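Enquirer: This is a predicted model, with the sequence first.
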Amino acid sequence: MRAVYTHAFSVPDSAIDVNGHASNIEYVRWMQDAATGHTASAGWTLERYRESRAVWVARTHTIDYLRPAFSGDPVELYTWIASVRDCQSRRKYLVTRASDRTILARAETLWICVDPDSGRPKRVPEAFMAAIDLVHDEAEALRIAGFVPG
């Protein structure tokens, strides 16, 4: 699995709220899409998680909104796994406007690995652990991704 995954897209008109910029809800959707894309890029699809009797659920999301995103803005959302312990994984995100490298938001999610039948927390599968590279800080993630803040 690539240590840092880039999810690139343009902000759709449907993401815009009454204030004329991307809705807070959309950021959570984009974060989930990036996390799913990251693990799927290494073969960890929903089917593989189910076969491993392990799925992820979000315990908490934290988002620091720094600048607004507008309809049509090209966005690059960088994500990486900062830590894994027992049944939990801390994933970080950096949302940028690709056209000028402006950082729009910093975020993180605490994901909990659970058994899909019981819904109870379970230890992260060893095969998943073997497939990931942890990136402990944002500076290292940005270096790996080739991002140079503007």
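Expert: Right, received. Where do you want to start? Residues are numbered from 1 along each chain as shown.
Enquirer: sec struct for Val135, please.
Expert: Put simply, Val135 is coil when judged by DSSP: H, G, I helix; E, B strand; the rest coil.
Enquirer: Nearest residue to it in space, please, no chain neighbours.
Expert: Distance criterion Cβ to Cβ, 6 or more residues apart in numbering; nearest residue to Val135, sequence neighbours excluded, is Trp80 at 4.1 Å. C-beta here means a position set from N, CA and C on the backbone, and glycine is covered the same way.
Enquirer: Please identify the nearest residue in space to Phe9, excluding sequence neighbours.
Expert: Phe9 sits nearest to Val75 (Cβ to Cβ, 6+ apart), 5.7 Å away.
Enquirer: Burial check on Ile81, number of neighbours?
Expert: Neighbour count for Ile81, taken as other Cβ atoms under 10 Å: 24.
Enquirer: what kind of secondary structure is it in?
Expert: strand.
Enquirer: For it, give me the pLDDT.
Expert: pLDDT recorded at Ile81 is 97.
Enquirer: Please apply the same query to the one 4 residues further on.
Expert: According to the prediction, Arg85 has pLDDT 94.
Enquirer: so how far is Ala15 from it?
Expert: Separation of Arg85 from Ala15 (Cβ to Cβ, to the nearest Å): 33 Å.
Enquirer: on that earlier part again, show me which residues of the helix or strand where the residue nearest to Phe9 lies are buried.
Expert: Assigned by DSSP states H and E, Val75 belongs to strand 74-85. Residues of strand 74-85 classed as buried: 75-82, 84 (neighbour count, 16 or more other Cβ atoms under 10 Å).
Enquirer: distance between the lengthiest helix in the chain and the chain's centre?
Expert: The longest helix of the chain (DSSP state H) is helix 24-40. On the basis of Cα atoms, centre = their mean, to the nearest Å, the separation between the geometric centre of helix 24-40 and that of its chain is 5 Å.
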